[in-house]
Every structure is written in C-alpha cells, then in structure tokens.
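**Q** Any chance you can model this:
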Amino acid sequence: MTLLAIDTSANLCAVCVWDSAAAIASITEDIGTGHAELLMGMIDDALAQAGKVYADLTRIGVVIGPGSFTGVRVGVSTARGLALALNIPAVGVTTLQGLAHEAQALHPGRPVLAVIDARREQLYSASYDATGSLIAEPAVLDAEATASRAGGTDLVLTGSGSTALSAFLPNSEILAHSATASIETYARIAATMPVGADKPKPLYLRGADAKPQASFVLPGRDG
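**A** Numbering: from 1, shown residues only. Take a look at the predicted model:
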C-alpha cells in the first residue's frame, strides 16, 4: 500500500507518504491559515521526496476534524478530489482519534480522554477505554460535561483542551497540549482502517465561527 495522508485541521499543514508500514516522506509546516494555497505544492514535494508519482498511490487518508472549519474543508475536499481522479479509496481519521492513539502508544492499558479547545468555553472531546475502544463519541460540550465523559480512573488527558479539565479531573495525567497529532500517526491509522463505501466527510460538530457581516448584505428590492 502506498498511502497519502493529509492534515489541515489546525495551524499545521501536513502531508505524508506512507509505504507498507512506514513513512517514506513527510512535510509539516506551521502556517496558521492559508492551507488551500500550500497543500497541493506540499503534496507534490512529498511525492518527489518519496520517489513516487500520483499514479503510485493506492489510498488517501485525511483528517476530518474536529478543528478549523476552513482547514478541515480544504483537506477533505482535496482528498476526495484526488481519490476520484485516481480511482482509489479515501478514509477519514478524526483529530481526537489521532491524539488518543499517540497517548495510548505511550501509556498502554490506560483510558484516554482526547480534548481540543473549541473556543466559546467549549471543548471537542472523545473518550477511549483502556483497550483503545471508543466509549464516548466526539462531541462539543463545556468543561464540566466533558469531564463527565472520562473513561474510568488512571486517566490520561491529551490535546489542547486538557488544562481546562484539570479542575474537574484532578487525578488525571496531562500528556500533551497539541491541537492535532503527528501526520505519521494519521498515516499509520489510515493504513489500517477498513475501506467503506462512504466518502470522508468533515466532522464539524457545530457551525462555523465566522458569521456574515451585516454591512455587506445588499438590501433587497420591493416588487
């Protein structure tokens, strides 16, 4: 399998070419915004570094969120477009799944609560048991409600929203404060996922933060 992984869910723009069981090329840039302008060029560069061309790809993996509304949309649309053009499958991986995967690789046998700052005093989260199985689906909630989704004792917290939960889960261990996992982690997960009939779709959990400005709305005509 030769897989291309894409992550545009946060400030990072990242791509990875994964062959069999290892990354053979990856590029990550902390750009904040502007994923659409850089992504295709980064994919071209990663393929060149790996000594591959688009025709060599057999699967696309893409991070579907939750995260940046615009960034997720860019990544998913790019992945779907490439999959259609190349006639290969595409699979979606959540940011929370990636963060939890990294946490359990470092702390096997412990439950994990992956949590990302969603702003507006809310958190994106998902809870995983000690075996890595999902026990609380991705949701957007306040800190107290998020803490109630924690899976058991000896808990590991990971993600950019971890600090907000420290008062509610004082006995938990905070592992990381990042808003997304490494691109190699997403590639590893995507390479092992079953391929379904459904195309990857953005996991927004709520509407976009950006709102139309009323001053730019043209008045309607009567009659």
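
**Q** Surely residue 117 is in contact with residue 146?
**A** No: applying CB atoms under 8 Å, one finds residue 117 not in contact with residue 146, separated by 11.0 Å. (Each C-beta comes from the backbone N, C-alpha and C, glycine too.)

**Q** Those two: which has the busier surroundings?
**A** A count of neighbours by other CB atoms under 10 Å puts residue 146 above the other of residue 117 and residue 146, at 26 against 17.

**Q** How about the contacts made by the more buried one?
**A** Going by CB atoms under 8 Å, 6 or more residues apart in numbering, residue 146 touches 113, 115, 123, 125, 139, 161, 165, 168.

**Q** What residues of the lowest-mean-pLDDT helix or strand in the chain count as buried?
**A** Every helix and strand of the chain was ranked by mean pLDDT, DSSP states H and E. The lowest is strand 173-176, at a mean of 90. For strand 173-176, burial by neighbour count (16 or more other CB atoms under 10 Å) applies to 175-176.

**Q** Equivalent analysis for stretch 111-128, please.
**A** Of all the residues in stretch 111-128, those buried under the rule 16+ other CB under 10 Å are 111-118, 122-128.

**Q** With stretch 178-194 instead?
**A** For stretch 178-194, by 16+ other CB under 10 Å, it's 178-191.

**Q** Go through the residues you listed and name the one nearest residue 35.
**A** The closest of the buried residues of stretch 178-194 to residue 35 turns out to be residue 180 (CB to CB; 12.3 Å).

**Q** Having no further points to raise, I will conclude here.
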